[in-house]
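Visitor: no letters, just coordinates:
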């Protein structure tokens, strides 16, 4: 008797070997070039300790390095994170957090 197993894509099992677990989120952010120009706004689809998946407001090509600014939900503070584009397909992009912890007030 021959038993055929379905591939993960056929069974709907999309388990992946990732270093950090992802968490679904709906935070909004603005993406800025390193020379302080607004690139676009985005919604964060999910994130991990190392990076995030973003849905851009428009399919604007992202530079290889940029900053993401998150406004605080409880005050005027803004958190700035330096990032690197890992992949982009139209208005979806995967980013890697390169440096974090910067805070500014606006």
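Guide: Yep, it's here. Small disclaimer: the values here were computed from a predicted structure and weren't measured. Numbers count the residues shown, from 1 in each chain.
Visitor: quick one: what helix or strand has residue 45 in it?
Guide: strand 38-47 (DSSP states H and E).
Visitor: what residues does the next helix or strand after that strand touch?
Guide: With elements assigned by DSSP H and E, the helix or strand that comes after strand 38-47 is strand 51-56. Here strand 51-56 makes contact (CB atoms under 8 Å, 6 or more residues apart in numbering) with 22, 29, 31, 40-47, 62, 83, 86, 91-97. For the C-beta atoms, the positions are set from N, CA and C on the backbone; glycine is no exception.
Visitor: buried set for strand 51-56?
Guide: 51, 52, 53, 54, 56 (16 or more other CB atoms under 10 Å).
Visitor: quick one on the thing from earlier: name the residues that touch the strand holding residue 45?
Guide: 22-33, 52-58, 60, 62-63, 66, 68, 92-93.
Visitor: again with stretch 80-95
Guide: 42, 45, 51-59, 61-70, 96-100, 102-104.
Visitor: residue nearest the centroid of the chain?
Guide: residue 52 (2.6 Å; CA atoms, centre = their mean).
Visitor: so what pairs up with it in the strands?
Guide: On the basis of DSSP bridges, residue 52 is bridged to residue 47, residue 95.
Visitor: now do it, the pLDDT please.
Guide: On pLDDT, residue 52 comes in at 93.
Visitor: what's the angle between the strand holding residue 45 and strand 51-56?
Guide: 130 degrees (axes from the mean of the first three to the mean of the last three CA atoms, to 10 degrees).
Visitor: can you give me the buried ones in strand 38-47?
Guide: Result for strand 38-47 [16+ other CB under 10 Å]: buried residues 39, 40, 42, 44, 45, 47.
Visitor: picking that back up, list buried residues within the contacts of stretch 80-95.
Guide: 42, 45, 51-54, 56, 62, 66-69, 97.
Visitor: redo the residues you listed as a markdown table? Include distance to residue 78.
Guide: Putting these into a markdown table (distance: CB to CB, whole Å) gives the following:
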| residue | distance to residue 78 |
| --- | --- |
| 42 | 15 |
| 45 | 21 |
| 51 | 20 |
| 52 | 17 |
| 53 | 21 |
| 54 | 17 |
| 56 | 19 |
| 62 | 20 |
| 66 | 15 |
| 67 | 10 |
| 68 | 10 |
| 69 | 5 |
| 97 | 16 |
